[in-house]
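Visitor: Generate a structure from the sequence data that follows.
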Amino acid sequence: MKIDSLEVQKMLHPIKTRLLRVKRITELSPSMRRITLEGDDLAGFISASFDDHVKLIVPEGPGEAPNMPQLEPTGLVFAEDRPKPAMRDYTPRRYDAATNELDIDFVLHHQGPATDWAHHAAPGHTLGIAGPRGSFVVPTAFDWHLLIGDETALPAIARRLEELPAAAKAIVVVQLTSETAKIDLTSRCQLDVHWIVENTNAEGRGALETTVRGLKLPEQGEGYIWAAGEYNDIKAVRQYLVDERGIDKKRIRASSYWRKSAPNTHKNFD
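Guide: Next comes the predicted model:
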């Protein structure tokens, strides 16, 4: 395998806002709901990586239209006669240009305006999105992939598993709030999944870090590690992998999707 075939690519996309409507709703588990969106504005939508996120422009109330901004040289500009809407980052789970559909998966037990909207969403309701602004494209050609996260990372993990070739191996560690939060994961690759429920051990380590510490990673081949979830959990996992396992920082993509002390956060660890 050529090492240059394993180079991560960063892509930028034209910024565009889109007003979409709910086409259908699918219950994936008691704590996760898939909302399929449609609309003429979806034409030309680009999501080149499972790691992408769009900014949701959330309506003030169920069934209401969101306050959609105008795209100006200075950025997004909102109408001054209406409250500025809440905006949250979410993974584009699936985009199908042929059917003009975009799937967004929502974790229902996380509090916030986007979750509240998803709880009450019904076919015909509208939602705004902006982006993705760019994509961080990790090649599928790696021999093995370690995917780590909590329920908020499940849409990205599930999308990635569907992309991986049969020759690859994927090790997946997912932290759940309860056993009922499991969803079906499908992939052509060799799949090893570790479902764990939230807990803290006697040494004060969280479930994610404890499980990752117990993993035996492949000794042969080139690998890549992707991790996303709560800030403190992901920070601890990344620190362990880099400082104690000696993983090259170029082979890890770690992101904080949320933080217990400040839920509306999104941060990539360098």
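Visitor: ok, now which ones touch Ile247?
Guide: Shown in contact with Ile247 (Cβ atoms under 8 Å, 6 or more residues apart in numbering): 225, 241. Where you see a C-beta, it was placed from the backbone N, CA and C, and this is true even at glycine.
Visitor: The one 4 residues further on too?
Guide: With contacts defined as Cβ under 8 Å, 6+ apart, the neighbours of Arg251 are 223-225.
Visitor: Most neighbours out of those residues, which is it?
Guide: Ile225 (25 neighbours; other Cβ atoms under 10 Å).
Visitor: and the gap between that residue and Ser187?
Guide: 17 Å (Cβ to Cβ, to the nearest Å).
Visitor: Pretty sure Leu191 sits against Glu162.
Guide: No. Using Cβ atoms under 8 Å, Leu191 is not in contact with Glu162; the gap is 11.2 Å.
Visitor: Can you get me a residue count around Val107?
Guide: Neighbour number of Val107 under other Cβ under 10 Å is 25.
Visitor: Would you state the predicted confidence (pLDDT) at it?
Guide: For Val107, the model assigns a pLDDT of 96.
Visitor: what sits against the nearest residue to it once chain neighbours are set aside?
Guide: Leaving aside its sequence neighbours, Val107 sits nearest to Glu151 (Cβ to Cβ, 6 or more residues apart in numbering; 4.8 Å). Contacts for Glu151 (Cβ under 8 Å, 6+ apart) come out as 31-32, 107, 174-177, 181.
Visitor: now, among those residues, which is nearest to Glu38?
Guide: Relative to Glu38, the closest of those is Met32; by Cβ to Cβ it sits at 20.4 Å.
Visitor: Give the bridge partners for the closest one, please.
Guide: Beta bridges link Met32 to Ser29, Val107 when assigned by DSSP bridges.
Visitor: contacting residues around it?
Guide: By Cβ under 8 Å, 6+ apart, the neighbours of Met32 are 105-108, 151, 154, 181, 183.
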